[in-house]
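Visitor: Could you work out the structure for the sequence below:
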Amino acid sequence: MIENKKLAMSLDENGFVAELEMKDDPYKMNWVMDADYLRETGYQAADKLFGYFDLIADGKTFSSCKVRPQIKAEGKKAEVMYDFPDVKVEMIYDLGADEEELCWQIKLQNKTVKKLKITEFGIWISFAYVMFRDKNVLRNIHNSAAVFPSISKKYTKVDLVRRDGEGENLGMYQTEGETKSIGTYCDYVNLFFENVSPSLDGMLFHKLYLAGGYPQGFQNQDWIYEKEGFELEPGEEKSWKYVIVTNENEQDFYEKGFHLNHAKIEYTPLNIIGEQVRIFIECPEKLKISSAKAVYKKKGSLKQMEIPVRNEKKKIHIL
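Guide: Numbering: from 1, shown residues only. As a prediction, the model looks like this:
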């Protein structure tokens with residue numbers, strides 16, 4: 001167990017995050033999927049726990065759930081290292097950089113003397129999006145969250161909202177590297193003939209894709225989210241960072257992101273053909289908008305259109 005003023009987490013010996021709690025939470029909610037609950041209810045999803053990953057490098061598949069990693073915990077930091085023949089993957093969980101945040105860093109290193117092509121790198125971020133097989137309705141209210149991802153190449157964020165609408169929620173913000181997309185896996189059992197209410201028992205697992213995300217050769221019409229991989233030179237290391245911090249509500253979720261260098265964006269909720277669409281972007285001090293463009297698909301080909309930008313004090317107004 002490692003902890004700071006606000007959060008506490010523990011790692012399983014197999015490398016996944018077993019517990020993540022807010023220390024002042026009266027319900028002691030575990031914000032990640034519980035391996036014990038999966039075993040108790042017979043779900044075959046133990047390979048999708050928080051921190052497990054799948055990696056394809058030069059056609060070779062490496063899976064974290066099939067090996068035992070090296071784990072080092074000291075003070076408020078824990079390091080999980082997977083040492084494969086061709087690559088090394090490290091997960092660093094740091095609760096000491098900020099007393100109210102969890103900084104999660106992911107490192108991937110090419111151990112070979114040749115260039116490696118990474119075609120897939122997906123890491124499970126299995127927060128507790130679960131409907132418990134339990135007639136105790138309060139458990140489903142106080143110990144379960146809905147997950148709302150907002151996907152961006154450099155500014156992906158995820159809002160984790162507790163179902164009771166009380167107390168604090170969690171937010172996860174990308175601060176380094178590039179995110180391709182977030183995938184979702186659903187596992188459930190329909191218990192209607194056993195119990196009318198609650199009749200649905202199940203959960204959603206989310207997966208963070210840093211490369212790939214589709215089977216090799218798979219063709220689809222998704223032109224919004226990238227699925228390309230990347231290359232690592234001999235000995236090269238690539239890094240990604242995400243910060244997990246509590247929030248009081250939706251507004252606070254965006255405020256916390258603003259302090260982590262994520263712009264705040266407001267826009268008209270409904271687009272009407274022939275009418276103007278207004279977008280307001282408020283940038284942190286480190287960011288500046290130089291231009292804007294709309295990307296859309298028409299008759300099978302991608303189009304781009306430059307959009308005028310107007311500065312209005314602290315906000316950028318895009319027509």
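Visitor: where does the stretch 51-200 of the chain dip in pLDDT?
Guide: 195-199 (pLDDT under 70).
Visitor: Would you map the helices across it?
Guide: 137-142 (DSSP state H, counting those that start in this stretch).
Visitor: Just give me the longest helix of this protein.
Guide: helix 250-259 (DSSP state H).
Visitor: per-residue confidence averaged over that helix?
Guide: Averaging pLDDT along helix 250-259 yields 96.
Visitor: Can you list the buried residues in that helix?
Guide: 253, 254, 255, 256, 257 (16 or more other C-beta atoms under 10 Å). All C-beta spots, glycine's among them, are computed from the backbone N, C-alpha and C.
Visitor: check contacts around the last one.
Guide: Which is residue 257. By C-beta atoms under 8 Å, 6 or more residues apart in numbering, residue 257 lies in contact with 155, 157, 171, 173, 264.
Visitor: Could you do the second one as well?
Guide: Counting by C-beta under 8 Å, 6+ apart, residue 254 makes contact with 262, 264.
Visitor: let's see 7 Å
Guide: Contacts were defined as C-beta atoms under 7 Å, 6 or more residues apart in numbering; by that measure residue 254 touches residue 264.
Visitor: got it, and the fourth one?
Guide: With C-beta under 7 Å, 6+ apart as the criterion, the residues that contact residue 256 are 171, 245, 247.
Visitor: Of those residues - the most surrounded one?
Guide: Using other C-beta atoms under 10 Å as the neighbour criterion, residue 171 leads the contacts of residue 256 with 24 neighbours.
Visitor: That residue and residue 242, how far apart?
Guide: Using C-beta to C-beta, to the nearest Å, we find residue 171 at a distance of 10 Å from residue 242.
Visitor: do the same with residue 1
Guide: From residue 1 across to residue 242, the span is 21 Å (C-beta to C-beta).
Visitor: So for these two, which sits in the more crowded spot?
Guide: Legend: neighbour count by other C-beta under 10 Å for residue 1 and residue 242, higher for residue 242 (23 against 11).
Visitor: which residue packs closest to the more buried one, ignoring adjacent ones?
Guide: Nearest non-adjacent residue to residue 242, counting by C-beta to C-beta, 6 or more residues apart in numbering: residue 104, 4.8 Å away.
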